[in-house]
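Enquirer: Mind looking at a prediction? Sequence and model below.
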Amino acid sequence: MSFTFKELHWANDIRIQHYLQPETLEEALHILQDYRGSARVIAGGTDVIPQLRKRDIELEALVDITGLPDMANIEQNGDKIILGGLVTHAQVASSQLIKEKARLLSEGAGSVGSPQIRNVATVAGNLISGQPAADTSIPLLALDARVTIASVEGDRTVTLNDFFLDLGKTALDPGKEILTKIEFQPLGNDQGGVYLRLSKRKALSLPMLVCAVKVTVNKDKNAIYEAAIALGPVAPTPFRDRSTENALKGAPINLTTLADAAEGASAYCSPRDSLLRGSCDYRQEMVKVFVKRGLVRALEQAGCTLD
């Protein structure tokens, strides 16, 4: 049986009747409402266009929001860092503010795809894709980020803990809602944050494992006040290991504590066997390595000395 290149490479034509470019957020939301679920927002397009070509989704219209004002900025407002809904991975990876105040996020953003992809793909789109190993979802989850979602009914705020619902599914309805901003607190002097990624090569490779760790230590720097451990893909969604996090609260800072945490995290994960990402057993072992390594580096950033 023979196939054309187009059939093999899912390079089908895109069946779209209308390509619309609203000038305001309100206009964009009303367009989505008018199309009653048959329109989608497009910014970077790195998820939507492949889905259209593979016929995974069928739409009447694309709503290009790249011209909307004030949504492509990275700024600090009081005790919050805010990313607009159009901020790209390249912007985050190169931002001096993010490098200084949330380096784990800049490193995650710098690991996405290739320079060409990072220049157009948005962080908001990475979240909306709902993939369990999304390179910015994991560090943002560790940073306790929250998102603002707009619709014609108004705005609502959702924490990332509640945003990811299932594989490829989030709390945002793409047929009528737009993610307008992402916000989180910068790391303080008593905190450290680390991003780690396991993949077959440094670029254009799906990760076998992604880990982000944030720790807060007490003023004497001899105990962990609290910790956040985010992992993927070890569950259907980006995953916070609450059991290990709770065990680390108030724990002394030593190698025994970190080894116990690594064992606990590995036992709590449930990755599936995958030809692309590796076996369950392998990734569970690597969870031990990454969680311990992440905790060590994060504690060192927070000014702690390990015995």
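Expert: That came in fine, so what should we check first? Being a predicted model, the structure only gives us computed values, none of them experimental. Numbering: from 1, shown residues only.

Enquirer: Spell out for me which residue occupies the centre of the protein.
Expert: Ser137 (1.3 Å; CA atoms, centre = their mean).

Enquirer: Now that residue. Nearest residue, chain neighbours left out?
Expert: In space, and not counting its chain neighbours, Ser137 is closest to Pro238: 4.5 Å by CB to CB, 6 or more residues apart in numbering. (C-beta placed from N, C-alpha, C; glycine too.)

Enquirer: So which bits of the helix or strand containing Glu27 are buried?
Expert: For Glu27, the host element (DSSP states H and E) is helix 25-35. Of the residues in helix 25-35, 25, 28-29, 31-32, 35 count as buried by neighbour count, 16 or more other CB atoms under 10 Å.

Enquirer: So Ala109 sits against Ala93, correct?
Expert: Yes - here Ala109 reaches Ala93: they are 4.4 Å apart, a contact under CB atoms under 8 Å.

Enquirer: Would you mind grabbing the residues shared as contacts by the two?
Expert: The contact sets of Ala109 and Ala93 overlap at Arg118 (CB atoms under 8 Å, 6 or more residues apart in numbering).

Enquirer: So the two - more neighbours on which side?
Expert: The neighbour count for Ala109 versus Ala93, taken as other CB atoms under 10 Å, is higher for Ala109 (28 against 20).

Enquirer: what's that one in contact with, if anything?
Expert: Contacts of Ala109 by CB under 8 Å, 6+ apart are 89-90, 92-93, 98, 118, 123, 135-136.

Enquirer: contacting residues for Ala265?
Expert: 229, 231, 241, 244, 287-288, 291.

Enquirer: Phi first, then psi, for the nearest residue to Ile82 once chain neighbours are set aside.
Expert: Nearest residue to Ile82, sequence neighbours excluded (CB to CB, 6+ apart): Glu183, at 4.8 Å. Backbone torsions of Glu183, given as degrees, to the nearest 10, read phi -140, psi 150.

Enquirer: now Glu60: how far from Thr257?
Expert: Per CB to CB, to the nearest Å, Glu60 is found 56 Å from Thr257.

Enquirer: picking up where we left off before, helices - which of the contacts of Ala109 land there?
Expert: Counted as lying in helices by DSSP state H, out of these, are 89-90, 92-93, 98, 118, 123.

Enquirer: which of the residues you listed count as buried?
Expert: By 16+ other CB under 10 Å, the ones in helices among the contacts of Ala109 give 89-90, 92-93, 98, 118, 123 as buried.

Enquirer: Show me which pair in those is furthest apart.
Expert: Within these, Ile98 and Arg118 form the most distant pair, 13.5 Å apart (CB to CB).

Enquirer: that older thread, might one say that the residue nearest to Ser137 is in contact with Ser129?
Expert: No - counting by CB under 8 Å, Ser129 is not a contact partner of Pro238; they are 10.6 Å apart.

Enquirer: just the helices in the stretch 151-300 of the chain please.
Expert: Assigned by DSSP state H, counting those that start in this stretch, the stretch 151-300 of the chain shows helices spanning 160-163, 242-248, 255-268, 280-301.

Enquirer: distance of the residue nearest to the centre of the chain from Arg15?
Expert: Counting by CB to CB - Ser137 and Arg15 are separated by 30 Å.

Enquirer: Give me the pLDDT for the residue nearest to the centre of the chain.
Expert: In the prediction, the pLDDT value recorded for Ser137 is 97.

Enquirer: Ile128 too?
Expert: pLDDT recorded at Ile128 is 97.

Enquirer: Let me know how buried it is, in neighbour terms.
Expert: Residues near Ile128, counting by other CB under 10 Å: 27.

Enquirer: what residues are up against Cys280?
Expert: Cys280 makes contact with 270-273 under the criterion CB under 8 Å, 6+ apart.

Enquirer: If you count neighbours, what's buried in stretch 253-269?
Expert: So, applying 16+ other CB under 10 Å, buried residues of stretch 253-269: 253, 257-258, 261-262, 264-266, 268-269.

Enquirer: any chance of the residues you listed in a markdown table, with pLDDT too?
Expert: Output for those, formatted as a markdown table (pLDDT from 0 to 100):
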| residue | pLDDT |
| --- | --- |
| Ile253 | 97 |
| Thr257 | 97 |
| Leu258 | 97 |
| Ala261 | 97 |
| Ala262 | 96 |
| Gly264 | 95 |
| Ala265 | 94 |
| Ser266 | 93 |
| Tyr268 | 85 |
| Cys269 | 85 |
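
Enquirer: now, which of those sits nearest Ile82?
Expert: Nearest member of the buried residues of stretch 253-269 to Ile82, counting by CB to CB, is Ala265, at 30.4 Å.

Enquirer: Check the gap between the closest one and Arg146 for me.
Expert: Noted for Ala265: a distance of 24 Å to Arg146, by CB to CB.

Enquirer: Can you list the low-confidence ranges for the chain?
Expert: Applying pLDDT under 70 to the chain flags residues 1-12, 307.
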